[in-house]
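# need coordinates for the below:
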Amino acid sequence: MSKQKTTTPQSSAQGIAEQRMGWIYGAILALAVMVFLGKAIFGNGFGSSDNIASNSFRPYLQEAAKNGEFPQWMPYIFSGMPSYAALLTTGERTWDFVSGIVFTVAEYFGKIFGSDVARIAFWYILYAVGMYLLMRTKKHEQFTSFFTAFAAVFSTWVITWVMIGHNTKPVAFSMIPYVLMCLEKVREKWSLLYAVLMVVAVHVMIESTHLQMAFYGICTFGLYLLFELITRVITKQEPMGVVRAAAVLAVAGGLSYSMASDRFMSTQEYLPYSTRGSAPISQLSGKSPEAKKGQNVQDVNGGNDYDYATGWSFSPEEVSTFFVANFYGFGKLEYKGPLTGNKATVIGSYYGNMAFTDAANYMGMGVLLLAIFGVWFYRRDVFVQFLVALSLFSLFLSFGKNLSFLYDFFFYHVPGFNKFRAPSMALAMMQFAVPVLAAYGLSGFIQLRNSNNAKEKKVALYFVGAAALYLVFGLFYTTVMGSGFTEAVAASDNFKQYQEGVRTELAEWVFQQMRSDWMVTGVLTVLTGVLVWMFTNKKLGTMVFYGGMALLLVLDLWRVDFRAMEIPKQKIEKDIFAKNDLIDFLKQDNSIYRVSDLQAIPGGANVAAYHKIENTSGYHSAKMRVYQDLLDEAGNGGGQVIMNPLLWNMMNVKYILSREELYKGVPPQFTSQATGVKVYQNPTVLPRAFFVNHAVVANKTEILAHLKNGDFNPVDTCFVEEAIPATIEPADSTATATFVERKNEHLKLDVTASGNNLLFLSEVYYPVSWKVKIDGQDAKMYKTNFAFRSVVIPKGKHTLEFTYVSEGFQTGKTLSLGANLLVLAGALGAAFMEWKKRKSPAASTEAA
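Next up is the predicted model:
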């Protein structure tokens, strides 16, 4: 009989104790996230513009779910646009049950606390647990793993995402440690269980719909595999484990894409029709980009121009914020002084090269110092080398236009990269790597404690010296260089908006905030150094050291993290989304109409969607190209709003909402007492559907010119881009068009034509999915007046129907279900193998 591996009762008990301690650390991490975000979770949430914009569609989604429909067309912003294909909203994807389980848990977590912030907190907790497990996989002690997880989740910019409404970033980011952990496991030894878990993690990352963050995840995994492979080639070790891990990752990527194929096939359908997939007509028609100075000049595939893409580039100078969070003003800080009569007021305090920012990219000075020592301790460790490379890659990519050699390579040579914005976002990879490196620093000092080599232990003294030098240099800099600092603040572009006296006062205030921050950080860092030295030299017990390090970590990170937190006085449901006299006035009109919001509605143009009011404006990053071109070239509102009376008439705009007087001497029909918004009624508004007497063929630029100039009567004449084969007869008074059913993805009209009449529909033209039938028979839809639809109606009474049918979505659903079933089969197989393994005699012997 072969010799069996045995486990002593002592080691078995130790394993149980470690497992119990792991649960305790996990609970502490979860509690820490909930406590930190508690004011928002149990209070009024966060009222950022991005939160408002996304929450505006909640009633739309709830209504679709109630009716058993999957919402694909959003009628409430930009006169209608694809919702699912544009990654604007998502319905209940029951066929993708793998990700559905994970996202449903997050949803219910939010519902338990009655807060959407709690839903996002779930992903932060998941990220923290993932970091803990990754560190345990790398054989770090439990406290070290906990320290890393806490530092990672409360890295200032990472925790700021939820405060500013960037709610898809933590979803994608939370999966990075899980994918790396699975790669490690599969590299070491083939495991169906970890292969399936990798598929799930990659799929959740993709389903976050934050493609830029997912791209950074791909970069992270690619660098990891590259370093592992190169090391084995150099040291002549067997590389098959790395090849196996890479192959599993590739399969995971393919399966993940297949599981989300309904989403991505819909998106691919939409891409050529969106601002992310096509260039503006002004560029295609040969107009000089200078005529649109300050706007994004996109390429033919919708890629951003260089200046637009690099607008939020990090700068080498701002690396100083890694060491002193307030060195460049942080982002927004609370001012209380003579300028506000000693009343606390949050103002923009950032003075760097970006237009603004919400917080500093601070990771904790103690964490950073530990990371530096971790690199030294484990400089020959491949994983540490990978983390250093990842940090440098992240940093140089984030510099964008400010130090552009790496960014330029990606921008000009990596397909699709020019559709990303904000290079500074790349720092997320560094904010993942640095806390992990700090674990290696902490582990190094723990090992030094057990060393009898006094020379080796001097490293702890170097740590104290580095911390002390940081504090002393801060004292020197803030004493000697204060005037230069304030002059730089006052001279910055972000402070030029203020008068000289105000600018001087604020510059001095920013300096004082920086000095205070540096001193506090310095003291905390020195205390960290003292703890490390005492622990290494056995002058401090292990538990006291752990407690002290945890306390200093909390103090260092939370005092900075809380600066970015702004809790509104009321929940957005009771404030921004509250039904007021403006909404009451508009909703009392039961007819079919749109409003043209001239940036008047508090909270942004999407707020109207919350109340199911159709708007010509809105907020989304991937609008329909044809509609954006209409705004740019004929809207007469700077590409943001419509100020063109002809378009108001043609687009069924019955009410114009403005904060300013629209017409001199013309009083508004209604003025909201709650919001101050003035409502002007359009007396010449046309119905949503009306007959047109004549159709004239013209090219796109000619049509836009006619629309801009308003030199035609839209009831008499319309413009099409292709000839209509049938002869169009002017409609007489007997011709009618009446809506009998209006749903998001289905429009039904009873129409009566006096002859071969042309019916114009003020609905945005999207031929890839909107299909038209007359009396159940397919009909031709014409692109009319540049962005809208028309249909030739034969003489007599007919039923006209428009139905939204996305072939990509339908095909993708089938592929998604098949891929999910395949992953489910793999999961069941892995579970069976694990069960069989536990039931084996060897496992029984180990458990004895």
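# which secondary structure element is home to Phe719?
Phe719 belongs to strand 717-720 when assigned by DSSP states H and E.
# and that strand, what does it pack against?
Judged by 3 or more Cβ pairs under 8 Å, 6 or more residues apart in numbering; DSSP states H and E, strand 717-720 is in contact with strand 694-697, helix 700-709, strand 781-784. For the C-beta atoms, the positions are set from N, CA and C on the backbone; glycine is no exception.
# mind putting those into TSV with mean pLDDT and distance to Leu180?
Output for the helices and strands packed on strand 717-720, formatted as TSV (pLDDT from 0 to 100; distance: least, Cβ to Cβ, whole Å):
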stretch	mean pLDDT	distance to Leu180
strand 694-697	96	59
helix 700-709	96	49
strand 781-784	98	49
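# hang on, the earlier thing: return the distance of the strand holding Phe719 from the chain's centre.
Its chain's C-alpha centre and that of strand 717-720 lie 40 Å apart, by Cα atoms, centre = their mean, to the nearest Å.
# so which bits of that strand are buried?
Cys718, Phe719, Val720 (16 or more other Cβ atoms under 10 Å).
# just name the closest of those residues to Leu271, please.
Val720 (24.9 Å; Cβ to Cβ).
# now do the contacts for that closest one.
Going by Cβ atoms under 8 Å, 6 or more residues apart in numbering, Val720 touches Ala695, Val696, Val697, Ala698, Tyr782, Lys783, Thr784, Ser790.
# ok, back up a step: in PDB, list the C-alpha atoms belonging to the strand holding Phe719.
C-alpha atoms of strand 717-720 as PDB (Å, rounded to 0.1, in the frame of the first residue of the first chain):
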ATOM      1  CA  THR A 717     -41.700  69.900 -48.400                       C
ATOM      2  CA  CYS A 718     -39.300  67.300 -47.000                       C
ATOM      3  CA  PHE A 719     -35.900  66.300 -48.100                       C
ATOM      4  CA  VAL A 720     -34.800  62.700 -48.700                       C
END
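# does anything pack onto the next helix or strand after it? Which helices or strands?
As assigned by DSSP H and E, the chain's next helix or strand after strand 717-720 is strand 736-743. Contact here means 3+ Cβ pairs under 8 Å, 6+ apart; on that basis strand 736-743 packs against strand 689-692, strand 746-753.
# send the alpha carbons of strand 736-743 over as PDB?
Output of strand 736-743 as PDB, limited to C-alpha atoms (Å, rounded to 0.1, in the frame of the first residue of the first chain):
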ATOM      1  CA  THR A 736     -55.300  61.400 -41.000                       C
ATOM      2  CA  ALA A 737     -52.700  59.700 -38.900                       C
ATOM      3  CA  THR A 738     -53.500  58.700 -35.300                       C
ATOM      4  CA  PHE A 739     -51.400  56.800 -32.800                       C
ATOM      5  CA  VAL A 740     -53.300  53.800 -31.300                       C
ATOM      6  CA  GLU A 741     -50.300  52.300 -29.500                       C
ATOM      7  CA  ARG A 742     -47.000  53.800 -28.300                       C
ATOM      8  CA  LYS A 743     -44.500  51.500 -26.600                       C
END
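# okay, buried residues for that strand please.
For strand 736-743, by 16+ other Cβ under 10 Å, it's Thr736, Ala737, Lys743.
# if the first one is in a bridge, with which residues?
I take that to be Thr736. Beta-bridge pairing of Thr736 under DSSP bridges involves Thr752.
# OK, contacts around it?
By Cβ under 8 Å, 6+ apart, the contact list for Thr736 reads Asp750, Val751, Thr752.
# which residues of the stretch 301-450 of the chain fall in helices?
In the stretch 301-450 of the chain, the helices defined using DSSP state H, counting those that start in this stretch lie at 306-309, 365-377, 382-398, 405-413, 427-449.
# how about residues contacting stretch 397-414?
306-307, 309-310, 312-316, 353, 393, 396, 417-418, 423-427, 430.
# report the buried members of those.
Buried subset of the contacts of stretch 397-414 (neighbour count, 16+ other Cβ under 10 Å): 306, 309-310, 312-315, 353, 393, 396, 417-418, 423-427, 430.
# any chance of the contacts of Val720 in TSV, with distance to Glu614 and neighbour count too?
TSV is the format used below for the contacts of Val720 (distance: Cβ to Cβ, whole Å; neighbours: other Cβ atoms under 10 Å):
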residue	distance to Glu614	neighbour count
Ala695	26	20
Val696	28	12
Val697	30	12
Ala698	28	15
Tyr782	23	21
Lys783	21	19
Thr784	19	26
Ser790	20	24
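# list just the nearest of those to Ser79.
Closest approach between those and Ser79, by Cβ to Cβ: Thr784, at 13.8 Å.
# report the beta-bridge partners for the closest residue to the closest one other than its chain neighbours.
Among residues not flanking Thr784 along the chain, Ser790 sits closest, at 4.0 Å (Cβ to Cβ, 6 or more residues apart in numbering). Legend: beta-bridge partners of Ser790 under DSSP bridges are Phe760, Tyr782.
# show me the contacts for Ser790.
Contact analysis of Ser790 by Cβ under 8 Å, 6+ apart lists Val692, Ala695, Cys718, Val720, Leu758, Leu759, Phe760, Leu761, Met781, Tyr782, Thr784.
# next, count neighbours for Ala819.
23 (other Cβ atoms under 10 Å).
# could you number the chain from 8 rather than 1 from now on?
Sure, I'll start numbering at 8, so the last one becomes Ala826.
# and the nearest residue to it once chain neighbours are set aside, how close does it get to Phe222?
Counting by Cβ to Cβ, 6+ apart, Ala826 lies nearest to Ser265, which is 3.6 Å off, once chain neighbours are set aside. Distance, Ser265 to Phe222, using Cβ to Cβ, to the nearest Å: 19 Å.
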